[in-house]
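Undergrad: need coordinates for the below:
(one chain, ligands or ions: 5)
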Amino acid sequence: MKSCVVVLLLLIAKVIAADRTFTVNNNCSYTIWPAIFTGSGTERPYYATGWEAPASSSVSFAVPSNWTSGRIWGRRSCNFTISNPAEQCADGGCNGGLECDTDGGTGIPPATLAEFTLGTNGSPDYYDVSIVDGFNLPVSITNDVGCGVADCPVDLIPNCPSALVGPYNSDGEAVGCQSACEADLDGDQGNSPNCCTGNYSTPATCPSSGVEYYSYFKDNCPNSYCYAYDESSGTALWLCASNLTANYIITFCPSP
Ligand SMILES: *[C@@H]1O[C@H](CO)[C@@H](O)[C@H](O)[C@H]1NC(C)=O
Ligand SMILES: *[C@@H]1O[C@H](CO)[C@@H](O)[C@H](O)[C@H]1NC(C)=O
Ligand SMILES: *[C@@H]1O[C@H](CO)[C@@H](O)[C@H](O)[C@H]1NC(C)=O
Ligand SMILES: *[C@@H]1O[C@H](CO)[C@@H](O)[C@H](O)[C@H]1NC(C)=O
Ligand SMILES: *[C@@H]1O[C@H](CO)[C@@H](O)[C@H](O)[C@H]1NC(C)=O
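TA: Ligands and ions are numbered 1, 2, ... in the order given. Predicted coordinates:
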C-alpha cells in the first residue's frame, strides 16, 4: 500500500514535471554545428550546448518543461582548432568552441535563431524564428500538437541586398544576410530606427516602415521575427498552450 502511494506520487510528480522532447534535424546538404544557449536562472536542456550535425542527420533530447529562456541556432563552416570564436566558424560561433559556454556562449550574428520560452504556471509556450540579428540558415519550428509553425524556410542569402550580404566562408561563398541594424546602415546603433534604440526605442517610435529592408525579410519569411518590435505583425511570435506539453522539432534547411 505504502509503495503504491509512493509510486502514485512519483507518477504525479512526473506528469507535473514532464519533460519535452526536442528534435534537431539538419536537412541541409552540408554539415552544420548546432548550438544551444540558455538564459541565466533557468533549467537547461539535457544535451550538449553544441555538436556537429552532418547533412541529413537528426538528434533528439529531453528539455525540462521549465526551460524558460533559450535559443538554438546553427553554425556554418567551423574549424574548432581555431580558438577565436569570431574566426572558428564563418558565422554563429560562440565562446567555448564546439560546446558553447553556459555563460556568455551566445552566437555571433548573423544567425537565424529558434527561440523558446516554455510556459510554466499556466502560461503558454512562446517560440519564434528570429532573424532580428540577421539570417544564416533557413529554419523551421514545428510541433506534435497542432500549434503554429514558426519558420524562415527560404534561403535569404542568394538575393540578399548588397548592403547586407555576408560574411563569407574561406571559399568566398556568402554564408549570411545581416539585418540593417547589425550592418549599422544608419551609422549609430545607439540611436537607430533600424535597431529600435535611443529615440526609436518603443513600438510607437520604431515602426517596421522605418526599418531598412524590412520587407525583404518579412515578405520572404512572413512567419519569422524580423525586427525588434515585429510582434505587431501577428505572425512573429507563436504561442502554444503549455498544458499540451508540445514536443518541438527544429529543422535547418526545411523543404520550402
Ligand atoms: C524546474 O522544475 C523542476 C521540477 O519540477 C524543479 O525541481 C526546479 O526547481 C525548477 N527550476 C526552476 C529554475 O524553476
Ligand atoms: C583548421 O584550422 C587549422 C589552423 O588554422 C588548419 O591548420 C587546418 O588546416 C584547418 N582544417 C581544415 C579542415 O580546414
Ligand atoms: C534624440 O533626438 C534628440 C533631438 O534630435 C537628440 O538631441 C538626442 O541626442 C537623441 N537621442 C539619442 C539617444 O541619440
Ligand atoms: C489548457 O489551458 C488552456 C488555456 O491555457 C485552458 O483553456 C484549458 O482549459 C486547459 N486544459 C486543460 C485540460 O487543463
Ligand atoms: C527533414 O528530413 C527528414 C528526413 O528526410 C524528413 O522526414 C522531414 O520531413 C524533413 N523536414 C522538413 C521540415 O523538411
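
Undergrad: quick check, the residue in the stretch 151-256 of the chain closest to ligand 5?
TA: Nearest to ligand 5 in the stretch 151-256 of the chain, going by Cβ to the nearest ligand atom, is Pro254, at a distance of 3.4 Å. For glycine as for every other residue, the C-beta is placed from the backbone atoms N, C-alpha and C.

Undergrad: how many neighbours does that residue have?
TA: Per other Cβ atoms under 10 Å, the neighbour tally for Pro254 reads 20.

Undergrad: the closest residue to it other than its chain neighbours pairs with what?
TA: Distance criterion Cβ to Cβ, 6 or more residues apart in numbering; nearest residue to Pro254, sequence neighbours excluded, is Ser140 at 4.0 Å. Note on Ser140: beta-bridge partners by DSSP bridges are Asp151, Thr251.

Undergrad: burial count for Ser140?
TA: If you count neighbours by other Cβ under 10 Å, Ser140 ends up with 23.

Undergrad: does it touch Val129 like I think?
TA: Yes: the criterion here is Cβ atoms under 8 Å, and Ser140 meets it with Val129 at 7.1 Å.

Undergrad: which residues do these two both contact?
TA: Common contacts of Ser140 and Val129 (Cβ atoms under 8 Å, 6 or more residues apart in numbering): 150-152.

Undergrad: identify the residues contacting the residue of the stretch 151-256 of the chain closest to ligand 5.
TA: 27, 138-140, 151, 153.

Undergrad: again with Pro161
TA: 177, 213, 216.

Undergrad: from Pro222, how far off is Gln178?
TA: 20 Å (Cβ to Cβ, to the nearest Å).

Undergrad: hmm, back to that, got CSV for the shared contacts of Ser140 and Val129, with pLDDT, neighbour count and distance to Asp230 too?
TA: Formatted as CSV, the shared contacts of Ser140 and Val129 follow (pLDDT from 0 to 100; neighbours: other Cβ atoms under 10 Å; distance: Cβ to Cβ, whole Å):
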residue, pLDDT, neighbour count, distance to Asp230
Ala150, 98, 27, 12
Asp151, 98, 23, 14
Cys152, 98, 28, 12
